[in-house]
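Peer 1: Have a look; sequence and predicted model below, questions after that.
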Amino acid sequence: MSAEILDFYKKGVTFISVKTFIFRRYLYHRKHIMKKLLFLALLAIIVSCSKDDEPVINSDSNNETHPVNDSITYFTLKVNEFYIGEVVNSGYLILNDNEGNILAHTQIENNKEYVFKAKKGEEKESFTVSRFMYRNRESSQVNFLSSFFNIKKGTIWNFEGYDTSNVTSNTGETNENSKSFSLKIQNIEGYNKVSISSNNGGASYSGSGTNNSMDYNVSFRNNYNKFLITVHFELEKSKYILIDNIQDEQEIIVDGSELKEFDAYLPINLPNDGNTYFKDLRAHLTPEEIFETALFTRIESEAASTFGVFENFYDFYIRVYTSNYVENYSYAYTRESPTLEAITVPSYTTDFNLINSSINAFEYTADQKYSTKRSTWSYHFNDSVEKKFRYDSWSFRSNELAYQTIPELPQEFFDLYPHFKLENLKYEETNFSKGTVYGSFFMGENSSESNTTKVTESLTFTNPDYHNKSFKKNEDFEKMIKELSKL
């Protein structure tokens, strides 16, 4: 079936055409009604849906059916044709009531629509939906379970994967199309960092230097041989040089005197809290060209507390963030917008007290204003023999309301994913967010479409006893997380 609709009832699966047909025939052929009922019901089940297509529901022992007009749809999931594939190898969906009891569960398949129904008067006004994503690679395995509490009746979710074959063909590097050049930047005394970006929005490079010069080896591909070099200074505003049509194995030397000032410098107003902040900026120069001018760039002074931009820049992505390892928290301000003006990072409180870190009895106190929150328990394992790492996590997510009872997970889920063991999970962190982070999952319908301007504030409190900082720096892991976060 191209778009399968699955009806759920506490007392079985309803097939209205069969019920109506039998009822009408019953008025005229009472003597033969039981034989026809049995035959037609079995025929409808066989034709309508195979057993493998049906989600499992928590049903009563009484299998009497109910007419469709006596039911109500309380949740819908739409899955496009690309969701299960290269990024997500396998997926699962579980619905629970607010007391943690299982309402329904199913393995997820592409290009399907799942409609969850209940008898009128017996539907839940709110409930919990858990999404599981599994990904296995030669050197890594990731298992993400996210439970979204307080989902309202009538909510529609869209799982929208993307065609990775197009992405791979456009971005994959081979010995044939991978090229490189050497870059030396000299006489840049007082510099803080150098950002190198191709017209594809980034670059792969390594380098070394002294207190007033840097030497780099930069890789690029055929179509992306235009580079923006941005030099950030500790006590001055950033400067740049734009170099076009770079050739393979070309040697480029740039003197500090050749650097130019940007068309404008937009101020970044930071809280006066004693923290050191960093900045990122990415923007389009043309529909085909996107450049990155700052990435993990430390803001050292008031002069450096700016974003240097071109007049023709548009569709901005900026991020200003800090980490306080003494008090175990991190903060990030993110903005995506067609245009960019001065940025003001609002002040925030860091009041958070963890009372119980157990996943079964989690409790904390906090004085935070937020639209969504997330608490995560995770487990990681590095196998030095197989040279493979595994990362398992279970996240609780909610809107401004409290987490409900921890959802029960069906045995069928553990049978499919036996490596996912709850006893391995340890409390990692709790995050409070204002803006668009997972907020759409608590709306009437979530979709990739959104407003043109998105602003998000995120405050995360980490468990000081959770030691996985070196693991999270793994490049393969970070790439995998970035791909999964798009879904």
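Peer 2: Sure, I can see it. Residues are numbered from 1 along each chain as shown.
Peer 1: Name the residues of stretch 321-339 that are buried.
Peer 2: Neighbour-count burial for stretch 321-339, counted by 16 or more other CB atoms under 10 Å, picks out 321-323, 328-337. Just so you know, the C-beta spots here come from the backbone N, C-alpha and C atoms, and that holds for glycine as well.
Peer 1: Centre of the chain to that stretch, how far?
Peer 2: Distance, stretch centre to chain centre, for stretch 321-339: 17 Å (CA atoms, centre = their mean, to the nearest Å).
Peer 1: ok, residues contacting that stretch?
Peer 2: 275-278, 314-320, 343, 345-346, 348, 350, 352, 435, 452-464 (CB atoms under 8 Å, 6 or more residues apart in numbering).
Peer 1: change it to 7 Å
Peer 2: 275-278, 314-320, 343, 345, 348, 350, 452-462, 464 (CB atoms under 7 Å, 6 or more residues apart in numbering).
Peer 1: Put the buried members of these into a PyMOL selection.
Peer 2: Buried subset of the contacts of stretch 321-339, written as a PyMOL selection, criterion 16+ other CB under 10 Å:
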select buried, resi 277+278+315+316+317+318+319+320+343+345+348+456+457+458+459+460+461+462
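Peer 1: Of all pairs in the buried residues of stretch 321-339, which one is the farthest apart?
Peer 2: Greatest spacing in those, by CB to CB: N328 and S337 (31.2 Å).
Peer 1: residue ranges of the strands in the stretch 51-200 of the chain, please?
Peer 2: Secondary structure of the stretch 51-200 of the chain (DSSP state E, counting those that start in this stretch): strands at 56-57, 71-79, 90-96, 102-107, 112-119, 126-136, 140-152, 155-159, 178-186, 191-198.
Peer 1: K260 is nearest to which of those strands?
Peer 2: The nearest among the strands of the stretch 51-200 of the chain, by CB to CB, is strand 178-186 at 13.6 Å.
Peer 1: How far does the closest one sit from its chain's centre?
Peer 2: With CA atoms, centre = their mean, you get 34 Å for strand 178-186.
Peer 1: between it and strand 191-198, how many degrees?
Peer 2: Orientation of strand 178-186 against strand 191-198 (axes from the mean of the first three to the mean of the last three CA atoms, to 10 degrees) gives an angle of 150 degrees.
Peer 1: Could you give me the buried positions within strand 178-186?
Peer 2: 179-181, 183, 185-186.
Peer 1: Just flag the most distant two among the residues you listed.
Peer 2: Spanning the widest gap among the buried residues of strand 178-186 are K179 and Q186, at 23.5 Å by CB to CB.
Peer 1: and which of the buried residues of strand 178-186 is nearest to N80?
Peer 2: Among the buried residues of strand 178-186, K179 lies closest to N80 (CB to CB), at 35.9 Å.
Peer 1: The closest one and N217 touch, don't they?
Peer 2: No - with contact defined as CB atoms under 7 Å, K179 does not reach N217; the gap is 11.4 Å.
Peer 1: Show me where this structure has its helices.
Peer 2: Remark: helices assigned in the chain by DSSP state H are 16-28, 33-48, 164-171, 411-416, 469-472, 475-485.
Peer 1: for the fourth one, packing partners?
Peer 2: The contact analysis (3 or more CB pairs under 7 Å, 6 or more residues apart in numbering; DSSP states H and E) places helix 411-416 against strand 90-96, strand 102-107.
Peer 1: closest one to Y370 among those?
Peer 2: Using CB to CB, the helices and strands packed on helix 411-416 put strand 90-96 closest to Y370, at 23.2 Å.
Peer 1: That closest one - contacts with which helices or strands?
Peer 2: Packed next to strand 90-96, using 3+ CB pairs under 7 Å, 6+ apart, are strand 102-107, strand 126-136, helix 411-416.
Peer 1: ok, and for the last one, which residues are buried?
Peer 2: For helix 411-416, a neighbour-count test (16+ other CB under 10 Å) marks F413 as buried.
Peer 1: And for the second one?
Peer 2: Of the residues in strand 126-136, 127-135 count as buried by neighbour count, 16+ other CB under 10 Å.
Peer 1: Tabulate those residues in TSV, adding columns for distance to T376 and pLDDT.
Peer 2: What follows is the buried residues of strand 126-136, written out as TSV (distance: CB to CB, whole Å; pLDDT from 0 to 100):
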residue	distance to T376	pLDDT
F127	21	97
T128	16	98
V129	17	98
S130	14	98
R131	14	97
F132	14	97
M133	14	96
Y134	17	95
R135	17	92
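Peer 1: Mind putting the helices and strands packed on helix 411-416 into CSV with mean pLDDT?
Peer 2: Formatted as CSV, the helices and strands packed on helix 411-416 follow (pLDDT from 0 to 100):
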stretch, mean pLDDT
strand 90-96, 97
strand 102-107, 97
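Peer 1: just so I know, which of these lies nearest S195?
Peer 2: Smallest distance to S195 across the helices and strands packed on helix 411-416 (CB to CB): 37.0 Å, for strand 90-96.
Peer 1: Pull the distance from the closest one to the chain's centre.
Peer 2: On CA atoms, centre = their mean, the centre of strand 90-96 falls 17 Å from the chain's centre.
Peer 1: Direction included, what does that strand pair up with?
Peer 2: Using DSSP bridges, the strands paired with strand 90-96 are strand 102-107 (antiparallel), strand 126-136 (antiparallel).
Peer 1: That one to strand 140-152, inter-axis angle?
Peer 2: Here strand 90-96 points in a direction 30 degrees away from that of strand 140-152 (the same axes, to 10 degrees).
Peer 1: what about dumping the CA coordinates of strand 90-96 to CSV?
Peer 2: What follows is strand 90-96 as a C-alpha-only set of coordinates in CSV (Å, rounded to 0.1, in the frame of the first residue of the first chain):
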residue,chain,number,x,y,z
SER,A,90,15.9,1.4,11.5
GLY,A,91,13.2,3.2,13.5
TYR,A,92,10.5,2.4,16.0
LEU,A,93,7.6,4.3,17.5
ILE,A,94,5.9,3.7,20.9
LEU,A,95,2.8,5.4,22.4
ASN,A,96,2.2,5.5,26.1
